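> build the 3D model from these lines:
(2 chains)
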Amino acid sequence: MTATAPQAEHDERLIRTSPLRKLMGRPELGSIVGAIAVFLFFSIAADSFLRASSFGTVLYAASTIGIMAVPVALLMIGGEFDLSAGVMVTSSALISSMFSYQMTANVWVGVFVSLLVTLLIGVFNGFMLTRTKLPSFIITLGTFLMLTGLNLGLTKLISGTVSTKGIGDMEGFEAAKAVFASQITIGSVNLKVTILWWFVLIALATWILLRTRAGNWIFAVGGEKDAARATGVPVNKTRIGLYMGVAFAAWVSGQHLLFSYDVVQSGEGVGNELTYIIAAVIGGCLITGGYGSAIGSAVGAFIFGMTSKGIVYAEWNPDWFKFFLGAMLLLATLLNAWVRKRAEARS
Amino acid sequence: MRTTRTARRKAALLTAAGLSAALALTGCSGSGGKSSEEKPTQAQGAGGKAADTPRIKIAMITHSGEGDTFWDIVQSGAKAAAAKDNVEFLYSANKEGKEQASLIEAAIDQKVQGIVVTLAKPEAVVAAVKKAVAAGIPVVTINSGSQHSKALGALSHIGQDEAVAGEGVGEELNTRGKKKALCVIHEQGNVSLEERCAGVKKTFKGSVENLNVEGTNMPSTTSSIEAKLQATKDIDVVVTLGAPFADATVKAKEGAGSKAEVDTFDLNAAVVKSLKSKAVGFAVDQQPYLQGYLAIDEIWLNRTNGNVLGGGKPVLTGPAIVTEKDVPALEKYTARGTR
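The predicted model follows:
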């Protein structure tokens, strides 16, 4: 620390940002701090939270939200919403189950038919949005209500009751179950395959966002769509692609629902779309688009999973469950916003 | 390589069509599915000759949410009775008390000859039910609200007393030698669900804890129960209040490595299967089919023969404790959705 050492003068543009600075600028940073805070809190408040077996349960809860939160985050970065995401999961499971059952087909046939139909629903959302230029809020609200009605109406028309018939004894069920709903136990930790699906989706989405041209398009479309179009970004294709991404994840979640419970209740899924959006927002996505990350959505889902199960582990009065959930989420988000502000002020 | 847009589209369509055709040709299941289904046997009444009494219109207005298996069975009971009695059966439902009341008003405006109504939110529907009675429309209350039925001027109440059903479960748990029970509430703030858990608490000699779960989200329900079983290791029995949640609990139990017994309110095909495989200990059936069937039949009998059911007391359709021993007799009924 000699005072006489000469200060090297750098061109401002050539300043090497330290890894720490770089980290501070990431959208998911605030949420990671929030996640650590929630984790520490429940580690102290709930005796059984820190057990290895509990970790598997929390991860499972996070993964079922997270699988959907990843494409929902991408969509939000692209500046749009999808309110039909929650019931689309149920639709996908119902299509798969009923097609296999009614046709007495190998369940894989139903699984692929379901993939096609679910992707078509995604295309429908995207196509309607780009053609009508109406807010995605309205378009997907319409899809949400229509799917809710179709789920119930068609299931009752085809199966005669409001839940599907069991397909557990059909060919291909065990194999499909292995893919969508299997679990392994390592020591006392029970890990479900949804966690793997979740991680793969996060990795894929992060790669698309940060390393490919499509990723640039997504940021551009969400940031300023007219400028994006002017510079040659295929705005409409990008949006339809984003809705198909949501549909794909809905298909994965739907198949998980089907193959873990064997029957599907047609009324399920309503309200979950908000959970996915919340996870994306906690994870640093801006509601106005153009900013956010897939890893952030994963951290958001993890905070949601930790909070909702942590309250159970802490054995608080169940009547207050929703209140605690809301308060914890609000605190996590506030902390998130505070950290981001500090980070921006420093850099 | 650059192909025209339409050509690419055509190619994509062809691939999709070809793929689905190939799948449909090769992928048949040798087991299960529709083709293994037995021809559905109709419940009594339907299919035969209807009564030759003049055709009347009866409306049923319930507090059911969308896609609830339970109310589906109530409706099939009502439809069977309607077919037998030459009745035109109208069904509507809304979870919100206020909306249910306006549906009752609508039925009065339609000048129906009978109204079947649930009193899950009695305060909200009282005025509408009184209006119907004042208009000379016979009213039968079903399912919930037995204590309010008579005061409103209803002919009869047909249902299960939730508290009595809960007490029945508590006693059954005593005979099974259980010490610590978990009562899973799948709709927070639903009065009849709370009553069931309170009933269990009243007669059960061990301790009872409640757990609220998100009933519309099965994976979340499962992981919450799993978390609870991990947190409180000495729970030796879980009571669910609806049939679909019994299956979720069986999954949760595996995940948590718990040995707790699973028992449930209400029946469906999956629960009967689980009873058979001993994954579920017992189920409490309140016979929803009867609630629908008897309500329509009661109004018809009242109009054509002046009968009144129950003698001023509620007619109880439950609780009936169903165990693995009853499975052979029940299986075919639950499969067709009447039990």
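
> okay, now A:Arg26: neighbour count?
The local packing of A:Arg26 (other C-beta atoms under 10 Å in any protein chain shown) involves 16 other residues. C-beta coordinates here come from the backbone N, C-alpha and C atoms, glycine included.

> so how far is A:Leu286 from it?
Going from A:Arg26 to A:Leu286 by C-beta to C-beta, to the nearest Å gives 14 Å.

> what do you get for B:Asn212?
32 Å.

> higher neighbour count, those two?
Ranked by neighbour count (other C-beta under 10 Å), B:Asn212 and A:Leu286 place B:Asn212 first, with 21 against 16.

> surely A:Ala93 is in contact with A:Gly254?
Yes - assessed by C-beta atoms under 8 Å, A:Ala93 is found in contact with A:Gly254 at 3.8 Å.

> the helix or strand encompassing A:Arg229: which residues count as buried?
Using DSSP states H and E, A:Arg229 sits within helix A:225-230. In terms of neighbour count (16 or more other C-beta atoms under 10 Å in any protein chain shown), helix A:225-230 has its buried residues at A:225, A:228.

> need the next SSE after it, C-terminal direction.
On the C-terminal side of helix A:225-230, the nearest following helix or strand under DSSP H and E is helix A:235-261.

> tell me which residues in that following helix are buried?
Neighbour-count burial for helix A:235-261, counted by 16+ other C-beta under 10 Å, picks out A:235-236, A:238-261.

> counting contacts, what elements does the helix holding A:Arg229 pack onto?
helix A:213-223, helix A:235-261 (3 or more C-beta pairs under 8 Å, 6 or more residues apart in numbering or on different chains; DSSP states H and E).

> can I get that helix in CSV, CA atoms only?
Listed next in CSV are the C-alpha coordinates belonging to helix A:225-230 (Å, rounded to 0.1, in the frame of the first residue of the first chain):
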residue,chain,number,x,y,z
LYS,A,225,-41.1,-4.5,-30.1
ASP,A,226,-41.3,-1.9,-32.8
ALA,A,227,-37.6,-1.2,-32.7
ALA,A,228,-37.0,-5.0,-32.7
ARG,A,229,-39.2,-5.4,-35.8
ALA,A,230,-37.4,-2.5,-37.5
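
> contacts for it, please.
With C-beta atoms under 8 Å, 6 or more residues apart in numbering or on different chains as the contact definition, helix A:225-230 has outside contacts at A:79, A:217, A:220-221, A:235.

> how about stretch A:165-173?
Under the contact criterion C-beta under 8 Å, 6+ apart, stretch A:165-173 has outside partners A:97, A:100-101, A:104, A:106-108, A:110, A:159, A:258-259, A:262-263, B:27-33, B:37, B:269-270, B:273.

> of the residues you listed, buried ones?
Taking 16+ other C-beta under 10 Å as the criterion, what is buried in those is A:97, A:100-101, A:104, A:106-108, A:110, A:159, A:258-259, A:262-263, B:27, B:29, B:32-33, B:269-270, B:273.

> so where do the strands sit in the stretch 51-200 of chain B?
Using DSSP state E, counting those that start in this stretch, the strands of the stretch 51-200 of chain B run over residues B:56-62, B:87-93, B:114-118, B:139-143, B:156-159, B:180-185.

> out of those, which is closest to chain A?
Checking these against chain A by C-beta to the nearest C-beta gives strand B:180-185 as the closest, at 7.5 Å.

> packing partners of the closest one?
If contacts are counted by 3+ C-beta pairs under 8 Å, 6+ apart, strand B:180-185 sits against helix B:191-203, strand B:207-212, helix B:218-231, strand B:237-240.

> what packs against the second one?
Packed against strand B:207-212 by the contact rule (3+ C-beta pairs under 8 Å, 6+ apart) you find strand B:180-185, helix B:191-203, helix B:218-231.

> what about it, distance to the chain center?
Once both centres are worked out by C-alpha atoms, centre = their mean, to the nearest Å, strand B:207-212 turns out to sit 22 Å from its chain's centre.

> buried set for that strand?
Neighbour-count burial for strand B:207-212, counted by 16+ other C-beta under 10 Å, picks out B:208-212.

> doesn't B:Glu261 make contact with B:Gly281?
Yes - using C-beta under 8 Å, B:Gly281 is in contact with B:Glu261, at 4.5 Å.

> ok, and the closest non-adjacent residue to the most centrally placed residue in chain B?
In chain B, the residue lying closest to the centroid (C-alpha atoms, centre = their mean) is B:Phe70, at 1.4 Å. Taking C-beta to C-beta, 6 or more residues apart in numbering or on different chains, and ignoring the residues beside it in sequence, B:Phe70 has B:Pro288 as its nearest neighbour in space, at 5.4 Å.

> check A:Leu209 too.
Nearest residue to A:Leu209 in three dimensions, chain neighbours excluded: A:Gly215, at 4.1 Å (C-beta to C-beta, 6+ apart).

> before we move on, back to that, can you lay out the helices and strands packed on strand B:207-212 as CSV showing mean neighbour count?
Listed next are these as CSV, based on neighbours: other C-beta atoms under 10 Å in any protein chain shown:
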stretch, mean neighbour count
strand B:180-185, 24
helix B:191-203, 20
helix B:218-231, 27
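
> I'd like the ones you listed as TSV, with distance to A:Gly149 and mean pLDDT appended.
Shown next, in TSV, are those (distance: least, C-beta to C-beta, whole Å; pLDDT from 0 to 100):
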stretch	distance to A:Gly149	mean pLDDT
strand B:180-185	27	95
helix B:191-203	26	90
helix B:218-231	20	92
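
> select, out of these, the one closest to B:Thr317.
Smallest distance to B:Thr317 across the helices and strands packed on strand B:207-212 (C-beta to C-beta): 14.1 Å, for helix B:191-203.

> can you tell me if that closest one touches chain A.
No - on the criterion C-beta under 8 Å from any C-beta of the partner chain, helix B:191-203 is out of touch with chain A, staying 9.7 Å away.

> helices or strands up against that helix?
Applying 3+ C-beta pairs under 8 Å, 6+ apart, one finds that helix B:191-203 contacts helix B:162-175, strand B:180-185, strand B:207-212.

> which parts of the stretch 101-250 of chain A are helices?
Taking DSSP state H, counting those that start in this stretch as the criterion, the stretch 101-250 of chain A carries its helices at A:107-132, A:136-159, A:173-181, A:193-211, A:213-223, A:225-230, A:235-261.

> so does the first one get close to chain B?
Yes - under the criterion of C-beta under 8 Å from any C-beta, chain B is reached by helix A:107-132 at A:107-109, A:112-113, A:116.

> quick check, nearest of these to chain B?
Nearest to chain B out of the residues of helix A:107-132 next to chain B is A:Val109 (C-beta to the nearest C-beta; 3.7 Å).

> these two touch, right, A:Trp217 and A:Thr238?
Yes - counting by C-beta under 8 Å, A:Trp217 does reach A:Thr238; the two are 4.6 Å apart.

> which ones are touching A:Val111?
A:Val111 is in contact with A:96, A:100, A:176, A:255, counting by C-beta under 8 Å, 6+ apart.

> what is the nearest of these to chain B?
Set against chain B, the nearest of the contacts of A:Val111 by C-beta to the nearest C-beta is A:Ser100 (6.8 Å).

> please consider this matter closed, and thank you.
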